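> Got a sequence here, can you model it:
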Amino acid sequence: MTSQWINKISAVITGCIIGIITSIAAADTTGAVREEKHHNVVLQILGSGGPENIQGRASTGYLLWVDGKSRVMIDAGEGASLRFGQANAKVNDLDALLLSHLHADHTASTLSIIKRSYFEWVDGDSSKLIVAGPEGRGSDAAPGSELFPDTKKFIDTLVNSEDAAFAYLGIDQHHPDDHYYYAQVTAKPVPAKLGQVSLVMETEDMSIYALGVEHAYVPALAYRIDIKKNGKTFSIAFSGDQNARQSDEAFMTANKDFVAFVCDVDILVMHLAAAEPDEADVDSTYWHAIPSTIGRVANEAGVQKLVLSHLMSWSDPKASMKIIREQGYTGKMKLAKDLKRYPVNERRKNREASCVYAGADQ
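Numbering: from 1, shown residues only. Purely as a prediction, here's the structure:
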C-alpha cells in the first residue's frame, strides 16, 4: 500500500473520529439545554466562598431564575457582580436583592449591581429595585449589634441621600433630560427578631419570606422563596449565616423555628463555614452551623436537595458530608460552585417531613 493511500485512509479515520466527538458534544450540550428548558425555576450560584475568596470562589451570592429571567438575587458579596455578568443576568429583570445581613462579604457588590443597571437603560425610565435586609435589633439586642445599621440606613448612606458616598447612583439623582439612568433603589428593612417570620414581598407568581436567625450578635435573616408555576409550588430557601441551633441549653438540637421555616423545600442552601468543634472551640458555633446541625436541619425539614456553600479555607467538605449523612439525611447533597445551575425538579418525590410550614407571622 502506497504512502498516498495510507494518508488518505488516515484522513478519513481522523475525520470520522472528529465527527463522532463533535456529535457527542453537540448532543450533550443540546440535552443539557433541553433539560433546563424543561424547568421554569433554576437556582444559580454566583459566589460559593466566604470573605477569603479562596480557590477562585467569589463571596456569597445567589440568583433565582424564573422563566429565563433573573428575578431575585440573594446576597451580593465580593465578586458576585462579576459572576452576575458572566451569567448574562439583568438588573432590570430583578424584583429584589435580598441581603441576609450587612457583613461585607455579603454586601460588597451592592453598588456594582446598581451601577451596571446604567448599561441596561433603554428609552424611558430605568427599573425599580427593592433591596431588602435586616432591621436593627434595637437597644435590647446583644452588645455589638449596634455596629450594624438597618438596611434603609445602609442604602441611604450608599446612594439615597444628599451626602451619600455615591449619591450620583441614588434615587434622588435626576438627570437634566428627566430620565433616571440607574435602577431606582428602595430599601425595605425586615424585622430580624429571632424566630420571627415576615412576608418580604409578593408578586403574582412569587412569595418571599424572611426569618430572623442567630449569627452571633449580627442582625441576620434567612429567606424562603415560594414560586407558583403551572399549578405547582416550588420552594427554595437560603440559611444565610447562622448557627441554626436551638439554644445553649440544647446545643445539639436544630433550631425548631428554622426547621419549620425550610420545611419541605426543594432546595436548601446552607453555609458550610464551621467544623465540628472540640470542647475548647465552641465560640465558632455562635456564628455558623456545624455539619451535624446542618444534617439535623436537612433531615428534620425533609429537604429534597441540600447545597453547601460559603466555603472557607478550613472547610472539609468530604468529612462534613459524612457527618451530615450520619444525622439521617438521605436527600441529594451538592457542593456549590460558582456559576453552577440547579434546576428545581418538577417531578418531586413523596417524602416524609416531621415539620409543618406555617407561613409568615405578619
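
> so residue 265 touches residue 303, yeah?
Yes - counting by C-beta atoms under 8 Å, residue 265 touches residue 303, with 5.8 Å between them. Heads up, the C-betas are built off the backbone N, CA and C, glycines and all.

> pLDDT weak spots in the protein?
1-39, 122-126, 137-141, 171-180, 247-252, 278-284, 346-356, 358-362 (pLDDT under 70).

> For residue 113, grab the count of nearby residues.
Neighbour count of residue 113, defined by other C-beta atoms under 10 Å: 23.

> doesn't residue 43 make contact with residue 267?
Yes - the pair residue 267 / residue 43 is scored as a contact, 5.6 Å apart, by C-beta under 8 Å.

> and for those two, which residues touch both?
236, 307, 342, 344 (C-beta atoms under 8 Å, 6 or more residues apart in numbering).

> Ranking by neighbours, what's the top pick from those residues?
Going by other C-beta under 10 Å, residue 236 tops those with 26 neighbours.

> Show me what it is bridged to.
Counting by DSSP bridges, residue 236 is bridged to residue 225, residue 267.

> Quick check, it in contact with residue 303.
No - applying C-beta under 8 Å as the test, residue 236 and residue 303 come out as separate, 10.5 Å apart.

> which residues do those two both contact?
Common neighbours of residue 236 and residue 303 (C-beta under 8 Å, 6+ apart) are 265, 267-268.

> Show me which of these are buried.
By neighbour count, with 16 or more other C-beta atoms under 10 Å, the shared contacts of residue 236 and residue 303 hold 265, 267-268 as buried.

> Make JSON lines out of those residues and add distance to residue 153.
Converted to JSON lines, these look like this (distance: C-beta to C-beta, whole Å):
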{"residue": "265", "distance to residue 153": "31"}
{"residue": "267", "distance to residue 153": "32"}
{"residue": "268", "distance to residue 153": "30"}
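
> The closest residue to residue 229 other than its chain neighbours: neighbour count?
Distance criterion C-beta to C-beta, 6 or more residues apart in numbering; nearest residue to residue 229, sequence neighbours excluded, is residue 40 at 4.5 Å. Using other C-beta under 10 Å, residue 40 has 18 neighbouring residues.

> Could you do residue 312 as well?
18.

> Next: residue 233.
With other C-beta under 10 Å as criterion, residue 233 counts 13.

> Could you list the buried residues of stretch 218-236?
218-227, 229, 234-236.

> Using a markdown table, lay out the residues you listed together with distance to residue 319.
Below are these laid out as a markdown table (distance: C-beta to C-beta, whole Å):
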| residue | distance to residue 319 |
| --- | --- |
| 218 | 27 |
| 219 | 31 |
| 220 | 26 |
| 221 | 29 |
| 222 | 25 |
| 223 | 28 |
| 224 | 29 |
| 225 | 31 |
| 226 | 33 |
| 227 | 34 |
| 229 | 38 |
| 234 | 32 |
| 235 | 29 |
| 236 | 27 |
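
> Walking through the stretch 101-250 of the chain, point out its strands one by one.
For the stretch 101-250 of the chain, the strands defined by DSSP state E, counting those that start in this stretch cover 128-134, 184-190, 197-202, 206-215, 218-229, 232-238.

> Check which helices and strands the fourth one sits against.
For strand 206-215, the contact count by 3 or more C-beta pairs under 8 Å, 6 or more residues apart in numbering; DSSP states H and E identifies strand 69-76, strand 96-98, strand 128-134, strand 197-202, strand 218-229, helix 256-261 as packing neighbours.

> among these, which is nearest residue 311?
strand 69-76 (14.4 Å; C-beta to C-beta).

> tell me the angle that closest one makes with strand 197-202.
Comparing the axes of strand 69-76 and strand 197-202 via axes from the mean of the first three to the mean of the last three C-alpha atoms, to 10 degrees yields an angle of 140 degrees.

> where's the residue nearest to the spatial centre of the chain, which helix or strand?
Closest to where the C-alpha atoms of the chain average out (C-alpha atoms, centre = their mean) is residue 62, at 3.2 Å. Taking DSSP states H and E as the definition, residue 62 sits inside strand 61-66.

> go on, residue 293?
helix 291-301.

> Show me what that helix is packed up against.
helix 256-261, strand 267-271, strand 305-309, helix 317-326.
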